[in-house]
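# Return atomic coordinates for the entry below.
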Amino acid sequence: MYVTPTEEVKFKAYLSVLEAETSLYDFLKQAWPIIEGKTPFIDGWHIQAIAEHLEACFKREIKNLLINVPPRTGKTNLISICWPVWCHIHDPSLKFMFASYAKSLSLEHAVKCRRLIESNWFQKNWGNIFKLTSDQNTKSYFENDKKGYRLSTSIGAAVTGSGGNFLVCFPYNTVIKTSLGDLPIGEIIECKKNCEILSYNHFKEQLEYKTIEIYFKSFTNEILQIELENGEILECTENHPIYINKKGYILAKDLKLEDVILFLN
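I've put the predicted structure just below:
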């Protein structure tokens, strides 16, 4: 069978898109010129290894992943820029939160990620899957029309309560307000209750119910007891994030006597 040059070009383009969809590693290589311009892509075994582990995180085969490699070895472009975009091709409703030691660096990564989505290359191949919304499209936070988003923050900054994954750091009997009524958090986790959790949306400054995306159980013998001014006791692990007025989220173990906790009466 004779294949015309035009048909061959179209077929190669189709294979290229398919490879990028299937492999985060291939997605990075194809997106590299958009992210880094004329800077050449220097391959290494570690890049493919990290990409494979991130794919496993997307598939929920890995729930906790620590990556430790030297600076300027492709880690940021792969994790902070390409990975959330690649995941949104497969599930645009996913919610991502990225934190860095400096706000300026965190925003730089977010801008590159958004530019990748807005690039002609991405829009030509996957622009039909989701669109960035105009009312939630800033450097630190941009959302798509499938309710997925990418949020950027930094150490010491407040993070949003408008969604994302729930990390359980409360004792079993801690009562949580849900769409099914007040329930012990341990029962919600063990029975994987299909309910929504009352959460605080920092953008809208209001309470709203949010869907549970991940059920997670941790084990510890150390439980802090935090006594509030009204006499109520809050129990949680020492690394549980607590929202402090005018400070944002800090770990429970770092609370000070003068801190004012955002608390539901």
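
# all contacts plus neighbour counts: C-alpha atoms, from now on.
OK.

# so where is the stretch 151-265 of the chain shaky, pLDDT-wise?
153-172, 200, 202-203, 213-222, 239, 249, 263-265 (pLDDT under 70).

# And the next helix or strand past the helix or strand containing Leu15?
Using DSSP states H and E, Leu15 maps to helix 5-22. Next helix or strand after helix 5-22 toward the C-terminus (DSSP H and E): helix 24-36.

# Tell me the first helix or strand C-terminal of that next one.
Downstream of helix 24-36 (by DSSP H and E), the next one is helix 45-58.

# So what touches the helix or strand just after that following helix?
Next helix or strand after helix 45-58 toward the C-terminus (DSSP H and E): helix 75-76. Defining contact as CA atoms under 8 Å, 6 or more residues apart in numbering, one finds that helix 75-76 is touched by 47, 69, 109.

# in the chain, which spans are helices?
Using DSSP state H, the helices of the chain run over 5-22, 24-36, 45-58, 75-76, 83-90, 103-118, 120-126, 185-190.

# As TSV, those helices with distance to Leu198 and mean neighbour count would be great.
Below are those laid out as TSV (distance: least, CA to CA, whole Å; neighbours: other CA atoms under 10 Å):
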stretch	distance to Leu198	mean neighbour count
helix 5-22	36	13
helix 24-36	35	19
helix 45-58	26	16
helix 75-76	34	16
helix 83-90	26	20
helix 103-118	28	18
helix 120-126	34	15
helix 185-190	12	16
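
# Out of these, which is closest to Thr133?
Proximity to Thr133 (CA to CA) singles out helix 103-118 among the helices of the chain, at 11.7 Å.

# ok, of the contacts of helix 75-76, which one's closest to Ile81?
His109 (6.4 Å).

# dump the residue contacts of that closest one.
76, 80-81.

# which one is the residue positioned nearest the centre of the chain nearest to, not counting chain neighbours?
Nearest to the mean C-alpha position of the chain, counting by CA atoms, centre = their mean, stands Phe96 at 1.9 Å. Of all residues not flanking Phe96 in the chain, Arg150 sits nearest, at 4.7 Å (CA to CA, 6 or more residues apart in numbering).

# just Phe58 next, same as before
Going by CA to CA, 6+ apart, Phe58 has Cys87 as its nearest residue, at 6.9 Å.

# and what of Thr133?
Asn144 (5.2 Å).

# what's across from that neighbour in the sheet?
Asn144 has these beta-bridge partners by DSSP bridges: Leu132.

# what's around it, how many residues?
21 (other CA atoms under 10 Å).

# how far away is Thr174 from Gly37?
52 Å (CA to CA, to the nearest Å).

# So these two - more neighbours on which side?
In this view Thr174 and Gly37 are compared by other CA under 10 Å, and Thr174 has more residues nearby, 16 against 10.

# contacting residues around the more buried one?
Thr174 neighbours (CA under 8 Å, 6+ apart): 184-186, 235.

# Would you mind giving the residues you listed as JSON lines with distance to Gly248 added?
Conversion of the contacts of Thr174 to JSON lines gives the following (distance: CA to CA, whole Å):
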{"residue": "Pro184", "distance to Gly248": "26"}
{"residue": "Ile185", "distance to Gly248": "24"}
{"residue": "Gly186", "distance to Gly248": "27"}
{"residue": "Glu235", "distance to Gly248": "19"}
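
# if we take these, which one ends up nearest to Glu208?
Closest to Glu208, out of all of the contacts of Thr174 and judged by CA to CA, is Ile185, at 17.8 Å.

# Pretty sure that closest one sits against Thr178.
No - using CA atoms under 8 Å, Ile185 makes no contact with Thr178, being 9.8 Å away.
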